[in-house]
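Student: next input, structure requested:
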Amino acid sequence: MEHLYFCTYFDFNYLPYAKLLSKSLYKQNKSSTLFIVCMDKEVFSILERDPILNSIVYSHNELIKFRPRLKKIKKERSVAEYFFTCSAQICDFIFDKNPDIELLNYIDCDLYFYNSLKPLFDELGKASIGIIEHKFHWSNKSKKKYGRFNVGWISFRNDKVGRQCVSDWAMQCIDWCYQKLENGRYADQKYLDNWPKKYSNLKILKHKGANLAIWNVKNYNIQFNKGLILIDDQPLLFYHFAGLRQLNAKTFKTNLSSYYVPLKGVLLNNIYLPYINQLLENMDKSNIEFIKEMKQTNLLSLIIKNAIKIKNFVYKDIIRV
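Tutor: Just a heads-up that it's a prediction; the model follows:
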């Protein structure tokens, strides 16, 4: 497998996540480079002094110089909306700074890798764009209105189609990127719904072990066999720890209850517990403030809050370590 290139971005709050992302990526795919855009001065200073293995670091100021309109947008949008706006800008920025990259893979920093990514890249082949569906369980199909595809992993080839897709997505997010449903749009994510029809040579990646997360884990039989986590009959490639929240120094909420998933068995013992223990080892403070996270807007917010309380009671998803 050829050298792999990835890009991500985060602020100080997500640094422990990024360290685990990098560690797991290097363990499973040693021939790789991770491009990082630091979203605050604190994390940039830390990573200049103590670099993450196999990484190349850029400052938020460098991103602003590349796309000056972000300076004004940062003042006009919420913190979460600004982060969503930046996903596409960072892909465009990394290509601009590294024009010889053949394939760039955008990844959220709360991913963790468990096996070689060769099966996923074999599936991608020579496609210009690779995207992954949320694969919502039927009990959560209503959430598809927020986007058929997840932004946690996107592959862009450095060809005409791939670069056009990155450029179009970046400009769309500059013009509109808010945490609300409006005219078929939602944050940076729902733009992807149109990509299969809009761009040729696009591949929808189907590997069951790619981007396993709280919204799709209920679809599968998860087993631990001879040191491997299996999703039905396929190895787990990477898990997306979206929704994981630290409540206090040693208590975490997985938010699996929001998707009617019980926290037990392999999911608890071989995925969440090992990950949380590693997180705690990499934390410099007791709590993390989370920013880049989807929030639903609904006039019936009181009903939703009560429903959440019921799900929390039935599907206990708290981990105390």
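
Student: do I have it right that residue 277 meets residue 319?
Tutor: No: Residue 277 lies out of contact with residue 319 (Cβ atoms under 8 Å); the separation is 9.9 Å. Where C-beta positions appear, they are placed from N, C-alpha and C, glycine not excepted.

Student: the two: which is more packed in?
Tutor: residue 319 (19 against 11; other Cβ atoms under 10 Å).

Student: what does the average pLDDT come to for the helix or strand where that one lies?
Tutor: Under the criterion of DSSP states H and E, residue 319 resides in strand 318-320. For strand 318-320, mean pLDDT rounds to 93.

Student: that one pairs with which strands?
Tutor: strand 251-253 (antiparallel) (DSSP bridges).

Student: can you point out the buried residues in the partner strand?
Tutor: Using 16 or more other Cβ atoms under 10 Å as the test for burial, strand 251-253 gives 252, 253.

Student: stretch 113-133 too?
Tutor: Buried residues in stretch 113-133, counting neighbours by 16+ other Cβ under 10 Å, are found at 113-115, 117, 119-121, 124, 127-133.

Student: ditto for stretch 50-66
Tutor: 52, 54, 55, 57, 58, 59, 60, 63, 66.

Student: could I get the CA-only coordinates of it as PDB?
Tutor: Output of stretch 50-66 as PDB, limited to C-alpha atoms (Å, rounded to 0.1, in the frame of the first residue of the first chain):
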ATOM      1  CA  ASP A  50       6.100  18.100  21.300                       C
ATOM      2  CA  PRO A  51       5.000  17.100  17.800                       C
ATOM      3  CA  ILE A  52       2.600  14.200  17.200                       C
ATOM      4  CA  LEU A  53       4.300  11.300  15.400                       C
ATOM      5  CA  ASN A  54       4.400  11.600  11.600                       C
ATOM      6  CA  SER A  55       2.500  14.900  11.600                       C
ATOM      7  CA  ILE A  56       2.900  18.200   9.900                       C
ATOM      8  CA  VAL A  57       1.300  21.100  11.800                       C
ATOM      9  CA  TYR A  58      -0.200  24.400  10.600                       C
ATOM     10  CA  SER A  59      -1.600  27.200  12.700                       C
ATOM     11  CA  HIS A  60      -5.100  28.700  12.500                       C
ATOM     12  CA  ASN A  61      -3.600  31.900  11.300                       C
ATOM     13  CA  GLU A  62      -2.200  30.100   8.200                       C
ATOM     14  CA  LEU A  63      -5.700  28.900   7.400                       C
ATOM     15  CA  ILE A  64      -7.000  32.400   7.700                       C
ATOM     16  CA  LYS A  65      -4.300  33.700   5.300                       C
ATOM     17  CA  PHE A  66      -5.400  31.100   2.800                       C
END
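
Student: quick one: residues in contact with it.
Tutor: Taking contacts as Cβ atoms under 8 Å, 6 or more residues apart in numbering, the residues outside stretch 50-66 that touch it are 18-19, 22-23, 25-26, 32-41, 44, 47-48, 70-71, 86, 89-90, 92-93, 96-97.

Student: kindly report the same for stretch 225-237.
Tutor: 113-117, 119-120, 207-210, 212, 220-224, 266, 270-271.

Student: and the furthest pair within the buried residues of stretch 113-133?
Tutor: 114 and 128 (27.1 Å; Cβ to Cβ).

Student: thinking again about what came up before, in helices, which of the contacts of stretch 225-237 fall?
Tutor: Those of the contacts of stretch 225-237 mapping onto helices are 119, 120, 266, per DSSP state H.

Student: please pull out the lowest mean pLDDT helix or strand from the chain.
Tutor: Between all helices and strands in the chain, the lowest mean by mean pLDDT, DSSP states H and E belongs to helix 301-314, at a mean of 52.

Student: so which of the buried residues of stretch 50-66 comes closest to residue 102?
Tutor: Closest to residue 102, out of all of these and judged by Cβ to Cβ, is residue 54, at 17.3 Å.

Student: distance of the closest one relative to residue 32?
Tutor: Distance, residue 54 to residue 32, using Cβ to Cβ, to the nearest Å: 6 Å.
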